[in-house]
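Peer 1: Pasting the sequence and the predicted model now:
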Amino acid sequence: MSDELELLRRANPVPVDGPYFGDGPLDHRAERRLERLLEDGRPARRAPGARLLWGLAATGVVVATAATALLGGPSTQPALAAPRPLAVRAHSTPVPLTQLAELADAAAAEGAPRLRKGTHVQTWSLGMTDGKPPVTLPEERVVRWRADDSHTELVVATDPRHPGRPVLTDTGGDPGPVADGHVLSRTTYPPSWSDAPPEAPPPHTPAALRAYLAETVRTDSLSTPGLLDAVDELLDHWTLGARESAALVRVLADAKGLRPLGQVTDRLGRPGQAYVYGGEGGGGRRMLILDARTGAVLGLETTFTRDAPAYGVKAGDVMEYSAWMR
């Protein structure tokens, strides 16, 4: 299935099942939109009879009405506020990273899946402005590389928490509503190659991968915050194979201050084990979510640990979140 079709299935305004999206067919409007995407790569426009959420840009009145509904007035809570922090399942048993590393090594012995250049990631980031409520800006990005070392990047505004509902974006400078599945950008890049991280292929042994990650964030001494930054950067360039994931868990197991919390369900409905760093002394709190069988990174969440009244955020609000997929 093409990436465009996969994204449009999530944006398709038909009833959905499960935590993410259903397996039913695209309706005729989504099929028409897919055809136009595949023909010329331009953002498709909905048919005149499409529902309101597909025609937010039709008139200034519609946009103003939608923005009021989304952002609310000065005394209302925005409809698209930051997602709630992931909650650890009560009474679940935390799995130490050393134990998870053993499981990841066993999974890697099967040899699949393999390393792949490119990424598929769903992100949420918090947009904050003085005197206005914070808003969440959700996007999904697919990067695919070709045999000639050129690559494509497709970015759409979509939020699996609310399929079919308008999505906020700030590509124009100020947050504004667009249709779920609206193409923010579609770009083809000419052939390029580099032997420096993170463009170079990551190694699959712990020592070599640690040196690779240190080079990624340009440091000789890789701290735990720097390691998490490097993991974020790595996964925005590569989809790790089983061996690379196993090596990464070994590196994480040696990191100081990364504590196991227990089982969580991420925002794409996947079960995982949570490991948290920080949160003391008013700093940000970062939670890494790993697959409990393979050690593959599922997500990374950063939350505020103190109030910031000027920006309308409170301790515990999600600052940003990434969920990586194969």
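Peer 2: Cool, got the structure.
Peer 1: average pLDDT for stretch 99-107?
Peer 2: Model confidence over stretch 99-107 averages 97 on the pLDDT scale.
Peer 1: Run a quick check on Gly241 versus Glu110, I expect a contact.
Peer 2: No: with contact defined as CB atoms under 8 Å, Gly241 does not count as touching Glu110 (10.8 Å). Every C-beta, even on glycine, is put in place using the N, C-alpha and C of the backbone.
Peer 1: which of these two has more neighbours?
Peer 2: Neighbour count, other CB atoms under 10 Å: between Gly241 and Glu110, Gly241 has more, with 20 against 9.
Peer 1: so what's that one up against?
Peer 2: For Gly241, the contacting residues are 112-116, 204, by CB atoms under 8 Å, 6 or more residues apart in numbering.
Peer 1: Now with 6 Å, please.
Peer 2: Contacts here follow CB atoms under 6 Å, 6 or more residues apart in numbering; on that basis Gly241 touches 113-115.
Peer 1: cool, Val264 as well?
Peer 2: The contact partners of Val264, taken as CB under 6 Å, 6+ apart, are 86, 88, 272, 274, 289.
Peer 1: Among those, which are located in strands?
Peer 2: With strands taken from DSSP state E, the overlap with the contacts of Val264 comprises 272, 274, 289.
Peer 1: I'd assumed Leu298 was in contact with the first one.
Peer 2: Yes: counting by CB atoms under 6 Å, Gly272 touches Leu298, with 4.8 Å between them.
Peer 1: residue boundaries of the strands in the stretch 151-300 of the chain?
Peer 2: In the stretch 151-300 of the chain, the strands defined using DSSP state E, counting those that start in this stretch lie at 151-157, 167-169, 176-178, 182-189, 238-239, 259-265, 271-278, 285-290, 297-303.
Peer 1: so what strands line up beside the last one?
Peer 2: Right, strand 297-303. Using DSSP bridges, the strands paired with strand 297-303 are strand 285-290 (antiparallel), strand 318-325 (antiparallel).
Peer 1: thought Glu244 was touching Pro202?
Peer 2: Yes: using CB under 6 Å, Glu244 and Pro202 qualify as a contacting pair, with a distance of 5.4 Å.
Peer 1: right, so of the strands of the stretch 151-300 of the chain, which gets closest to Ala208?
Peer 2: With distances scored as CB to CB, the stretch of those nearest to Ala208 is strand 238-239 (14.6 Å).
Peer 1: picking that back up, now tabulate the contacts of Gly241 in a markdown table and tack on secondary structure and neighbour count.
Peer 2: As requested, the contacts of Gly241 are exported to a markdown table (DSSP: H, G, I helix; E, B strand; the rest coil; neighbours: other CB atoms under 10 Å):
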| residue | secondary structure | neighbour count |
| --- | --- | --- |
| Pro113 | coil | 17 |
| Arg114 | coil | 11 |
| Leu115 | coil | 16 |
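Peer 1: and the strand or helix carrying Glu139, what does it pack onto?
Peer 2: Under the criterion of DSSP states H and E, Glu139 resides in strand 132-145. Strand 132-145 makes packing contacts with strand 116-129, strand 151-157, strand 167-169 when contacts are defined by 3 or more CB pairs under 6 Å, 6 or more residues apart in numbering; DSSP states H and E.
Peer 1: Now with 10 Å, please.
Peer 2: Strand 132-145 sits against helix 3-11, helix 60-71, strand 116-129, strand 151-157, strand 167-169, strand 182-189, strand 238-239, strand 318-325, with contacts defined as 3 or more CB pairs under 10 Å, 6 or more residues apart in numbering; DSSP states H and E.
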